[in-house]
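Sequence and predicted structure are below.
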Number of protein chains: 2
Amino acid sequence: MEKFKHFLQAISPITDQEFADTIPFFTQQQLKKGDFFVAQGRICRQVAFVEKGTLRVYYLNAKAEEITSCFCTEDNMTTSYKSFILQEPSDLFIQAIEDTSLLAIEYGNLQKLYTTYPNWQTIGRALVEKEYLNMEKYASVLNNETAKEKYLRLQKEQPNVLLKAPVEHIASYLGVTRRTLSRIRKEIASGI
Amino acid sequence: MEKFKHFLQAISPITDQEFADTIPFFTQQQLKKGDFFVAQGRICRQVAFVEKGTLRVYYLNAKAEEITSCFCTEDNMTTSYKSFILQEPSDLFIQAIEDTSLLAIEYGNLQKLYTTYPNWQTIGRALVEKEYLNMEKYASVLNNETAKEKYLRLQKEQPNVLLKAPVEHIASYLGVTRRTLSRIRKEIASGI
DNA sequence: ACCATTTGGGGACATTTGTCCTTTCCGATT
DNA sequence: AATCGGAAAGGACAAATGTCCCCAAATGGT
């Protein structure tokens, strides 16, 4: 709970009383490794704060290959945003790659927060702005960084992912094949 | 004005009265071909609705090459979002590539709308959500489409851009060199 | 109308990445 | 300890793209 409070505080000011009023709208959820938070084709009805653990966000491309778009780790929000915002079937799978604990809120309850607590209008907009900036950053990385640079960034920012995820997930996250990932790892090992 | 009203209507309901109250907060601006809406290093103080014309959004990569991230055409909002949201210096240039007319609002005035008109809280959040979805779509295109597919999409969705922008802008938008763009055009011309 | 300059097209070769396949490594099981 | 199976590494060749050019066509200024 405290982690979530700090997370919100960092985005937009919230009083202890407001936070206490807010908390009953959320439910705690445990996912075991392999469990899905949402699957393709289903409407994503919740948005969640990751208290602990790691999720992999992926989709199937035109060749039915799994493409990993994101690894979602502790202290971040997660949902299939398009599905959640529009309340339409999700393009994405979101799967726990280790045991994970979430604080989740239903779509309807979030709308209720917006209408009941004026400050939540501001918090909600700030949350979406934050997610916008994350997505912009992601697009910028896609545009500007080589697969090797992305690998090094992953190693630095989310080192656990390299230990938990198999090569094909990491390779598709970097936008290359397993063969190229193997070459990248060799380069890094030999210090090039 | 009517176009802007329809644009807002499509995002979130707004009454005639609310729209009439809102309009004084916006100013009409004309950009000539080559004029900048915002330049790198400057804080972007406005967000604008493009009534007419086309803007190119670009930045300088590590090798000081101009990389075009977006062509912004009629009936869309434009701003250097990161700079506008955080009120910090922009990474991006936004330049008119033909004579362009905008409806712009200052950062402070937008905050005033949020606090004065409760419905603008909802409109504002809906606008950011829309921009989030656009950015997500953009990232998905970056991830999934080949340069050729992106070219065909550009031809279909923003055909004017192919007429107005020089090859290097289009090539950097597609994420390839001019040489590859030339090969793509040849392929398309020969019907492959 | 003419010339200078810019812009787009494309040849030749190098480099990178993908594809397909084999080999090596590591952990689990008996 | 031996071996079996799955995952990662990597060899060989093909395909795609980049780099460095040059040439022709288009554009703008006088």
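Perfect, I can see it now. Residues are numbered from 1 along each chain as shown, chains lettered A, B, ... in the order given.

from memory A:P89 sits against A:R42, does it?
Yes - with contact defined as Cβ atoms under 8 Å, A:P89 reaches A:R42; the gap is 6.3 Å. Using the backbone N, CA and C atoms, a C-beta is placed for each residue, glycine as well.

Contact distance from DNA strand C - what residues of chain A qualify?
With Cβ under 7 Å from any atom of the strand as the criterion, chain A comes near DNA strand C at residues A:T146, A:A147, A:G175, A:V176, A:T177, A:R179, A:T180, A:R183.

quick one: buried residues of the helix or strand containing A:L142?
For A:L142, the host element (DSSP states H and E) is helix A:118-144. Of the residues in helix A:118-144, A:120-133, A:135-136, A:138-140, A:142-143 count as buried by neighbour count, 16 or more other Cβ atoms under 10 Å in any protein chain shown.

Same check on stretch A:86-105?
Those would be A:90, A:92-98, A:100-105, for stretch A:86-105 by 16+ other Cβ under 10 Å.

so what's A:T78 bridging to?
In this entry, A:T78 is beta-bridged to A:A48, by DSSP bridges.

Pull up the gap between whichever residue of chain A sits closest to chain B and DNA strand D, please.
Proximity to chain B, evaluated over chain A using Cβ to the nearest Cβ, is greatest for A:Q121 at 3.9 Å. A:Q121 is 45 Å from DNA strand D, where distance means Cβ to the nearest atom of the strand, to the nearest Å.

rewinding a little: adding pLDDT, distance to DNA strand D and secondary structure, write the buried residues of stretch A:86-105 out as TSV.
Output for the buried residues of stretch A:86-105, formatted as TSV (pLDDT from 0 to 100; distance: Cβ to the nearest atom of the strand, whole Å; DSSP: H, G, I helix; E, B strand; the rest coil):
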residue	pLDDT	distance to DNA strand D	secondary structure
A:S90	98	26	coil
A:L92	97	22	coil
A:F93	97	18	strand
A:I94	97	21	strand
A:Q95	96	15	strand
A:A96	94	17	strand
A:I97	92	12	coil
A:E98	90	15	coil
A:T100	95	20	strand
A:S101	96	25	strand
A:L102	97	26	strand
A:L103	98	31	strand
A:A104	98	30	strand
A:I105	98	35	strand
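
need those residues in CSV with distance to chain B, can you?
Shown next, in CSV, are those (distance: Cβ to the nearest Cβ, whole Å):
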residue, distance to chain B
A:S90, 12
A:L92, 10
A:F93, 15
A:I94, 14
A:Q95, 18
A:A96, 22
A:I97, 20
A:E98, 25
A:T100, 23
A:S101, 26
A:L102, 21
A:L103, 21
A:A104, 19
A:I105, 16
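
OK, contacts around the residue of chain A closest to chain B?
Applying Cβ atoms under 8 Å, 6 or more residues apart in numbering or on different chains to A:Q121 gives the contacts A:Y114, B:P118, B:Q121, B:T122, B:R125.

picking up where we left off before, quick one: mean pLDDT for the helix holding A:L142?
In this model, helix A:118-144 has an average pLDDT of 95.

How far off centre is it?
The chain centroid and the centroid of helix A:118-144 are separated by 12 Å, computed with Cα atoms, centre = their mean, to the nearest Å.

State the mean pLDDT of the helix or strand containing A:K82.
According to DSSP H and E, A:K82 maps onto helix A:81-86. Across helix A:81-86, the average pLDDT comes to 97.

Give the buried residues for stretch A:68-87.
Buried residues in stretch A:68-87 (16+ other Cβ under 10 Å): A:68-73, A:76-85.

and stretch A:70-84, does that touch DNA strand D?
No - judged by Cβ under 7 Å from any atom of the strand, stretch A:70-84 stays clear of DNA strand D, getting no closer than 14.6 Å.

Show me what from chain A comes close to DNA strand D.
A:P166, A:V167, A:E168, A:R178, A:R179, A:L181, A:S182, A:R185, A:K186.

If we use 6 Å, what do you get?
Taking Cβ under 6 Å from any atom of the strand as the contact definition, chain A meets DNA strand D at A:P166, A:V167, A:R179, A:S182, A:R185, A:K186.

So in terms of bridging, what pairs with A:C70?
Beta-bridge partners of A:C70, counted by DSSP bridges, are A:V57.

Quickly note the distance from it to B:R183.
Going from A:C70 to B:R183 by Cβ to Cβ, to the nearest Å gives 32 Å.

what's the answer for A:Y151, then?
Taken as Cβ to Cβ, the span from A:Y151 to B:R183 is 29 Å.

Looking at these two, which has the bigger crowd around it?
Neighbour count, other Cβ atoms under 10 Å in any protein chain shown: between A:Y151 and B:R183, A:Y151 has more, with 22 against 14.

Surely that one touches A:I188?
Yes - the pair A:Y151 / A:I188 is scored as a contact, 7.2 Å apart, by Cβ under 8 Å.

so where does A:F37 fall, helix or strand?
For A:F37, the host element (DSSP H and E) is strand A:36-38.

Please list the residues outside that strand that contact it.
Here strand A:36-38 has contacts from A:31, A:44, A:46, A:48, A:55, A:78-80, A:83, A:90, A:92-96, A:102, using Cβ under 8 Å, 6+ apart.

Point out the residues in chain A that sit beside chain B.
A:61-62, A:67, A:69, A:81-82, A:85-86, A:114, A:118, A:121-122, A:124-125, A:128-129, A:131-133, A:135-136, A:138-139, A:142-144, A:175 (Cβ under 8 Å from any Cβ of the partner chain).

ok, back up a step: name the residues contacting each of A:P89 and A:R42.
Counting by Cβ under 8 Å, 6+ apart, the shared contacts of A:P89 and A:R42 are A:S83.
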